[in-house]
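Colleague: Below is the sequence, then the predicted model.
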Amino acid sequence: MRTNLKRKNYYLDERKIRRAKAILGAKTETEAIDTALDLVVFRKEILTSLEKVAGKGGVEKVI
């Protein structure tokens with residue numbers, strides 16, 4: 001798998017980073033942020049798929 005890595009500088013809440021690291025079992029801050037971003041993308045893919053299914057009578061859209 002090829003990845004496009006680019007160095008970035010951000011101001012982030014240290015408490016959020018520590019919590020994400022612990023919750024995700026990440027060894028580094030970079031790993032925690034990368035995994036969190038993967039989860040956001042995955043969530044969007046799931047929601048998009050559910051919206052497609054909702055119109056077909058398989059899942060009722062409640063939100």
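Modeller: Right, received. Where do you want to start?
Colleague: Tell me how far the longest helix that the chain contains lies from the chain's centre.
Modeller: With DSSP state H setting the assignment, residue counts place helix 29-54 as the longest helix in the chain. Here the centre of mass of C-alpha atoms in helix 29-54, compared against the chain's by CA atoms, centre = their mean, to the nearest Å, lies 4 Å away.
Colleague: Show me what it is packed up against.
Modeller: Applying 3 or more CB pairs under 8 Å, 6 or more residues apart in numbering; DSSP states H and E, one finds that helix 29-54 makes contact with helix 14-24. Every residue, glycine included, has its C-beta placed from N, CA and C.
Colleague: Show me the contact partners of the helix it packs on.
Modeller: Contact partners of helix 14-24, identified using CB atoms under 8 Å, 6 or more residues apart in numbering, comprise 26, 28-29, 31-33, 35-36.
Colleague: Could you figure out how far the longest helix of the chain is turned away from helix 14-24?
Modeller: With axes from the mean of the first three to the mean of the last three CA atoms, to 10 degrees as the criterion, the two stretches helix 29-54 and helix 14-24 enclose an angle of 70 degrees.
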